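Student: this is a predicted model, with the sequence first.
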Amino acid sequence: MERIESDIRELVEYGVRTGLVPREDVVFTVNRLLELFGLEEFGEGSELPEGMDGVVSAEGMDSGDNMDGKASRDPEESTERQMNARKEGCNPGEPGEGMYEEERHCSGERRHSSGERTSGETRQGSGEGALAAELEGILNRMCDYAYEKGLIAENGVVYRDLFDTKIMSMLMPRPSEVIRRFRQLYETESPRAATDYYYRLSQDSDYIRRYRIARDMKWIAPTKYGDLDITINLSKPEKDPKAIAAARNARQSGYPKCLLCRENEGYAGRINHPARQNHRIIPVTINGSQWGFQYSPYVYYNEHCIVFNFQHVPMKIDHAAFCKLFDFVKQFPHYFVGSNADLPIVGGSILSHDHFQGGHYEFAMAKAPVERTFAVEGFEDVSAGVVKWPMSVIRLNGPDSDRIIGLADRILEKWREFTDEGAFVYAYTDNEPHNTITPIARKRGENFELDLVLRNNITTEEHPLGVYHPHAKLHHIKKENIGLIEVMGLAVLPARLKEEMAQLKAAMLSGADLRADELLAKHADWVEEFAPKYDKIDASDIDSVIEKEIGLVFMEVLEDAGVYKRTPEGQAAFDRFIQSI
């Protein structure tokens, strides 16, 4: 049997095991893959996977053998069979339970104490990691074959990603099937059962490339504000020069308008736009308008989801945004959801398309306590307080979401127009607005909770990237905008740091002159600042030292982004704003 035919067989077996391919669809799926690779037949001596000839007896339909891949698109199929088509390595106590335990959930995003890094190598031993590695191997071999046969123009990552997404599309159910299954689980079992199914589908379909996510470096950094999550993002592959040049010269298209538009579902992609043939969207009605629910392909945290407006309209923080956040939380009470701010510098990367981000994860900010409370006249039934956090956060809590929204409206209205020259807070300069809010909603027991993070995007000659933005001395670690995810306590650091920290470690151990190294010179001041704190730094502890100090830099990043500083003067200024409410 030729290797490609063996790989087709293995891919279909993977599809059956994960529930992507019902047994009845095996022959159909094999033939679609043969067509994709320009093959007219399954070669002589090649056989369909044993026991997967597309024939399922009536007895077999009731035998409870979905572990072997029974038709998982049957809407009457039990949730346990569907969601646990294979969970070896997860060892949950109940169906779906393993997906929600942050200390050991199956998506490979385990939380570690400082110094215990996460890498692909340490996670491939689990059932989840083994399955992801198996799929990666099959797709790599298939792409190699496609390049040899001229089915791929170039052998770079961009072209291979376009093609392997097309391969996976051959295993995918139609959007209507996914939506029907999701709604059936939501209505007959629970919102959690529905999101379990959908998250698993997003992983098994390779829309979430688990083998790449596993390469991200992750650790926990203890700070005076709690344990911050640190991630060096390695899951976004770097484009090769040929692909960059091709994308630059490619015709610019307005379809889809952006990466969040609903038109991405099933889109084949192009050199300057990722393929989304294995992407499925769940329609949701939020506050009377049509939105889409999907997962981020880069899952920075457990079940990192994106909720986006079906209309391509700009982001806006207003009364309607607060209503939408709570409407989503009511529909999916096991998820938090938040919005980036709606102004440049302090906002997200895609301000042109209204969207939220959420997921099943408790960030350090959500765990942070309220350090002082206050009451607002007319809203005495809503608990309000200032959160102990490096950024300026007001937390509202109560059983009635409408009352919380009413108070949030007042705070937003006051903050939009608030100026305090003594605290260098200006609502406007030359009619340009500067004040806005990053809101995050969640269910807390029987109550609803809303965190309002005060943001200001003013710039000066000293701080041209933003006064309330990481200052220049921290840019060697983090220069990018502080959006919703960072606000909550998860650092998404650039991939360059992996190599830089490896070289920094070697240089520190050898005693090399950091300032003489073009790559490491920008870290020299930082090292000279933290090194004296330690009696010794050697091979036994240098990893934990560097990771701890990166965590402390991120803490300073958040302090820089805070409008009101954690000083007596800063908190007094914060209280002046609260009094204005």
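Tutor: Structure's in. What do you need?

Student: got any ranges where this structure has weak pLDDT?
Tutor: 1, 43-126, 237-252 (pLDDT under 70).

Student: what about the residue nearest the centre of it, which SS state?
Tutor: In the chain, the residue lying closest to the centroid (CA atoms, centre = their mean) is Val299, at 3.1 Å. Under the three-state scheme (DSSP: H, G, I helix; E, B strand; the rest coil), the conformation of Val299 reads as coil.

Student: how about the contacts made by Phe530?
Tutor: If you count contacts by CB atoms under 8 Å, 6 or more residues apart in numbering, Phe530 has them with 545, 549, 552. From N, CA and C alone the C-beta is placed, and that goes for glycine too.

Student: quick revisit: over to the residue nearest to the centre of the chain: give its phi and psi.
Tutor: For Val299, the backbone dihedrals (degrees, to the nearest 10) come out as phi 20, psi 80.

Student: how much space separates it from Asn272?
Tutor: 24 Å (CB to CB, to the nearest Å).

Student: for Glu263, same thing?
Tutor: 15 Å.

Student: what do you get for Gly511?
Tutor: For Gly511, the distance to Asn272 - CB to CB - is 46 Å.

Student: buried sites along the helix or strand that contains Gln203?
Tutor: Assigned by DSSP states H and E, Gln203 falls within helix 191-204. Buried residues in helix 191-204, defined by neighbour count with 16 or more other CB atoms under 10 Å: 191-204.

Student: same thing with stretch 182-191?
Tutor: 182, 184-186, 189, 191.

Student: what's the answer for stretch 460-474, then?
Tutor: Of the residues in stretch 460-474, 466-471, 474 count as buried by neighbour count, 16+ other CB under 10 Å.

Student: His360: which of those is nearest?
Tutor: Nearest to His360 out of the buried residues of stretch 460-474 is Pro470 (CB to CB; 28.4 Å).

Student: roughly how far apart are the residue nearest to that closest one when sequence neighbours are not counted and Gly551?
Tutor: Nearest residue to Pro470 in three dimensions, chain neighbours excluded: Val557, at 4.6 Å (CB to CB, 6 or more residues apart in numbering). Val557 sits 10 Å away from Gly551, going by CB to CB.

Student: neighbour count winner among those two?
Tutor: Val557 (25 against 20; other CB atoms under 10 Å).

Student: surely the more buried one touches Ala491?
Tutor: Yes. Assessed by CB atoms under 8 Å, Val557 is found in contact with Ala491 at 7.4 Å.

Student: and for these two, which residues touch both?
Tutor: Joint contacts of Val557 and Ala491 (CB under 8 Å, 6+ apart) are Lys478.

Student: can you tell me the element Gly150 falls in?
Tutor: Counting by DSSP H and E, Gly150 is found in no helix or strand.

Student: okay, now it: neighbour count?
Tutor: By other CB under 10 Å, 8 other residues sit near Gly150.

Student: so what does the one helix or strand Glu13 maps to touch, helix or strand wise?
Tutor: Element membership for Glu13, per DSSP H and E: helix 3-18. Here helix 3-18 touches helix 26-36, helix 127-148, going by 3 or more CB pairs under 8 Å, 6 or more residues apart in numbering; DSSP states H and E.

Student: again, only this time at 10 Å
Tutor: helix 26-36, helix 127-148, helix 157-169, helix 191-204 (3 or more CB pairs under 10 Å, 6 or more residues apart in numbering; DSSP states H and E).

Student: which residue packs closest to Val382, ignoring adjacent ones?
Tutor: That would be Gly398: by CB to CB, 6+ apart, it lies 4.5 Å from Val382.

Student: quick one: that neighbour and Asn287, what's the gap?
Tutor: 19 Å.

Student: Asn31 too?
Tutor: Distance from Asn31 to Asn287, by CB to CB: 45 Å.

Student: ok, Val382 next?
Tutor: 20 Å.

Student: higher neighbour count, those two?
Tutor: Using other CB under 10 Å as the criterion, Val382 and Asn287 rank with Val382 on top: 21 against 15.

Student: does the more buried one touch Ile581 like I think?
Tutor: No. Val382 is beyond contact range of Ile581, at 11.6 Å (criterion: CB atoms under 10 Å).

Student: mind listing the shared neighbours of those two?
Tutor: Residues within reach of Val382 and of Ile581 at once, by CB atoms under 10 Å, 6 or more residues apart in numbering, are 376, 407.

Student: can you tell me which residues contact Arg455?
Tutor: 317, 340-343, 345-347, 391-392, 415, 434-438, 466, 468, 482, 487, 561-563.

Student: wait, a strand at Lys218?
Tutor: Yes. Lys218: assigned to a strand according to three-state DSSP.

Student: against Leu228, how distant is it?
Tutor: On the measure of CB to CB, Lys218 and Leu228 end up 11 Å apart.

Student: and for Ala507, the neighbour number?
Tutor: When neighbours are counted by other CB under 10 Å, Ala507 comes out with 19.

Student: measure it to Glu518 for me?
Tutor: 12 Å.

Student: same check on Pro274?
Tutor: Pro274 is 33 Å from Glu518, by CB to CB.
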